[in-house]
Structure formats: structure tokens, C-alpha cells
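Student: Okay, sequence plus prediction incoming.
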Amino acid sequence: MKLITASILPKVIRKRPVDSFKGTYGKVALIGGNQNYGGAIIMSTLGTVSAGAGLTTTFTAPSNQSSLHAWIPEAMFADYQDQTLLQQLLPTMTVISLGSGLGTDQQALELIHTVFDLVTPHQTLLLDGSALTLIARDHLQLPSANIILTPHQMEWERLTGVKLAEQNPETNQRAYNQLAANQPHLIAVVKSAQTEVFTPTGAFQNTTGTPAQATGGMGDTLAGIVSGFAAQFADLDAAVLAAVYTHSAVADQLAQQQYVVLPHQISAALPRFMHEHQAE
Ligand SMILES: NC(=O)C1=CN([C@@H]2O[C@H](COP(=O)(O)OP(=O)(O)OC[C@H]3O[C@@H](n4cnc5c(N)ncnc54)[C@H](OP(=O)(O)O)[C@@H]3O)[C@@H](O)[C@H]2O)[C@@H](O)CC1
Ligand SMILES: Nc1ncnc2c1ncn2[C@@H]1O[C@H](COP(=O)(O)OP(=O)(O)O)[C@@H](O)[C@H]1O
Ligand SMILES: [Mg+2]
């Protein structure tokens, strides 16, 4: 397994062309955050916008609208039950992220079906949290798209059947091969203290990260950052590797002076970190 090190950053994070505009940096839809888990999709949104995505729309429960805008006015709000809006907007997106704080009720399941029906092969679809749990529970077939899965170890067990205690680079690679077999392009980010990333071009292990990250919302934030990188950087595999590295590298920096790193603090520190690591 190759290691993900700082050398990935200059390959991905490039100085922005002078004549670029927001449309240059991709459109992202983040779908999730039910009545109880609004924080999850707000944290994802902070990650995506702070990572530099050009335009971000957050599809969530209406009860989350004012908190979303209080935290991050740069994001647009859409009611995730509004079928007309979903059908109108989702085809325009570069990246769709689905599942952070979505919950697992019937309404969530119907939303997954709607997104799977609408997504097209040239789009990137990130699946996180509750979406992974429902896909595993109901044996849903993944749509044809550039798929990024971001399971924690229990979600990976649900998806693949590989028990947590038996998860290692070899068993995970075999499980990845099975999942990816019928997909044009599938990336699996298997999260842990040493996150592993499986791509069509190889398997990688992250070298950043700290137990100061072990707090709710840390994965929701990662899903947002990965979406932001995938929206603006052309090489999808490299963008995901750089996002995984960056999320935990920022946490490592903050953990030098903090006992626990709050997920939203990683997003707040992202623009400066990316500034420091941009290449010509
Ligand atoms: N502020 C918000 O709105 C937040 C909203 N959130 C949203 O909540 C939704 C549910 O997501 P979830 O991850 O909280 O619950 P679930 O999928 O049932 O998994 C937990 C089960 O798996 C087990 N487990 C074992 N190993 C594990 C591991 N390495 N990592 C994690 N779990 C591990 C674990 O074992 P235990 O901790 O009990 O020992 C437990 O039995 C999802 O949509 C998410 O986005 C959260 O992000 C929190 C902040
Ligand atoms: N001990 C640790 N060391 C490094 N990273 C960790 C550690 N514990 C958790 N993380 C990271 O925190 C995130 C947890 O993801 P997840 O369980 O989906 O969080 P949530 O759903 O609460 O947002 C992952 O990115 C994981 O790699
Ligand atoms: Mg999670």
C-alpha cells in the first residue's frame, strides 16, 4: 500500500488562474441533514465552501435553513423534499454528496432513489453516512457515475460484510474489488485512525490524523472537503487523496495546541492551509 504524504498537495492544489470565476471551481449539491442531524450537513457545507467549491447548494430539512445561513451564508439552501428543485438543479451539479445526517427513514430512502435516478455518468456522487447504511440494508445498486464512498469501519462492514475485527489492507482490497467490479469509476475512503483509500489506480494509506479528531461530525466534514476538492480539481483520484490528507493534516496542526479538534475548526483553517500548499 502506498502512503499518502504531503507530496500529493502540490499535484492537486494549484494557484488559481487570474481570469477564473466561480464557475471554474464547480457546483456542489450536498444532500442530508434531517430534523435531528442538521449539524451534519452544516459541517459538510462548511467543508465544501472552505475547500473552494465555486457554488454550493445544501439540500436539507427546512428546519435547518436559518442555522445553515447563520453558519455559512455562502451556501444556498434548498428543501430536500422539493422534487421540482431536485430535478431542476441536480443535473447542473459537478458533484453531489448524499447521506451526511440524512437518517434512515422512508423519506431518506425515497430521496436516495430520486438521486440515483437523476445522477448521470459524467457526474461525481459521494455517498456518506446514512446513505451507506441504507444502501447496505436494502442492497441498493449503485448508479452509473463517478462514485466516492466514505464509510467509517462499521459502515464498511455493513456494505461489504467484512467484520470490523477482520478489516485490514488485504481484506479491504478484496471487498473494494467486488464493489468496484461493475462500476466505471469507484473510490472507497475507508475511514479509521489510518484511513485507507482504494482507487482504480491503486490503494493508499493516510499518514496524517490524530485522536483529537475522534468526535461527531468529523466524517461529515471530510465528506464536504472531498466534495469541494472533487468539484475543482481535475484528477478525481488525486483530489480525493489530497482531501483526505488535508483534512487530517489541518487537524494535526490544531492538535498541537488543542486536546480536541472540532470539525468546524478544520474548515475554518482550510483556506490558509491550501494557500500555504498551493503550487504554481
Ligand atoms: N451533529 C450531527 O448532526 C451528527 C450527525 N451524524 C450523522 O448521524 C448518522 C449516523 O451516523 P453514526 O456514524 O453516528 O451512526 P452509525 O452509522 O449507526 O454508526 C455507529 C455505530 O457503529 C459503531 N462503530 C464501530 N466502529 C466505528 C467507527 N470506527 N466509527 C464509527 N462508528 C463505529 C458504533 O459503535 P459504538 O460507538 O456504539 O461502540 C455504533 O454502534 C449519519 O448520517 C451521520 O452523518 C454523525 O455524523 C454525528 C454528528
Ligand atoms: N483516532 C483517530 N485518528 C485519526 N482520525 C480519526 C480518529 N478517529 C476518528 N478519526 C477520523 O474522524 C472521521 C470519523 O468519521 P465518521 O465516523 O463518519 O464521523 P461522523 O459521521 O461523526 O461525522 C474519519 O475521517 C476518521 O478518519
Ligand atoms: Mg459519518
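Tutor: Happy to help now that I have it. Residues are numbered from 1 along each chain as shown. Ligands and ions are numbered 1, 2, ... in the order given.
Student: hey, let's count contacts and neighbours off CA atoms from now on
Tutor: Will do.
Student: Pull the number of nearby residues for Gln107.
Tutor: Look at Gln107: counted by other C-alpha atoms under 10 Å, it has 13 neighbours.
Student: Ile8 contacts Ala242, doesn't it?
Tutor: Yes - applying C-alpha atoms under 8 Å, one finds Ile8 in contact with Ala242, separated by 5.8 Å.
Student: Who has more neighbours out of those two?
Tutor: Between Ile8 and Ala242, counted using other C-alpha under 10 Å, the more crowded position is Ala242 (26 against 17).
Student: what comes up buried for the helix or strand containing Glu170?
Tutor: Assigned by DSSP states H and E, Glu170 belongs to helix 169-180. Residues of helix 169-180 classed as buried: 169, 172-173, 175-176, 179-180 (neighbour count, 16 or more other C-alpha atoms under 10 Å).
Student: what sits against the residue sitting nearest the centre point of the chain?
Tutor: The geometric centre of the chain, computed from its C-alpha atoms, lies nearest to Ala223 (C-alpha atoms, centre = their mean), at 2.1 Å. Listed by C-alpha atoms under 8 Å, 6 or more residues apart in numbering, the contact partners of Ala223 are 44, 47, 97, 100, 126, 128, 150.
Student: most neighbours, which of those residues?
Tutor: Neighbours were tallied for each of those (criterion: other C-alpha under 10 Å), and the maximum of 34 neighbours falls on Ser44.
Student: how many other residues sit next to the residue of the stretch 151-280 of the chain found nearest ligand 3?
Tutor: Distance from ligand 3 to each residue of the stretch 151-280 of the chain (C-alpha to the ion) is smallest for Gly219, at 4.5 Å. Other residues near Gly219 number 24, with proximity taken as other C-alpha under 10 Å.
Student: For it, what is the enclosing helix or strand?
Tutor: helix 218-232.
Student: Which strands and helices lie in contact with the helix or strand just after that helix?
Tutor: Moving toward the C-terminus from helix 218-232, the first helix or strand encountered (DSSP H and E) is helix 236-255. Where contact means 3 or more C-alpha pairs under 8 Å, 6 or more residues apart in numbering; DSSP states H and E, helix 236-255 is packed against strand 2-4, helix 9-12, helix 218-232, helix 263-277.
Student: most tightly surrounded among those?
Tutor: Mean neighbour count (mean count of other C-alpha atoms under 10 Å) peaks for helix 218-232 among the helices and strands packed on helix 236-255, with a mean of 29.
Student: relative to helix 263-277, how tilted is it?
Tutor: Our comparison of helix 218-232 with helix 263-277, counting by axes from the mean of the first three to the mean of the last three C-alpha atoms, to 10 degrees, yields an angle of 40 degrees.
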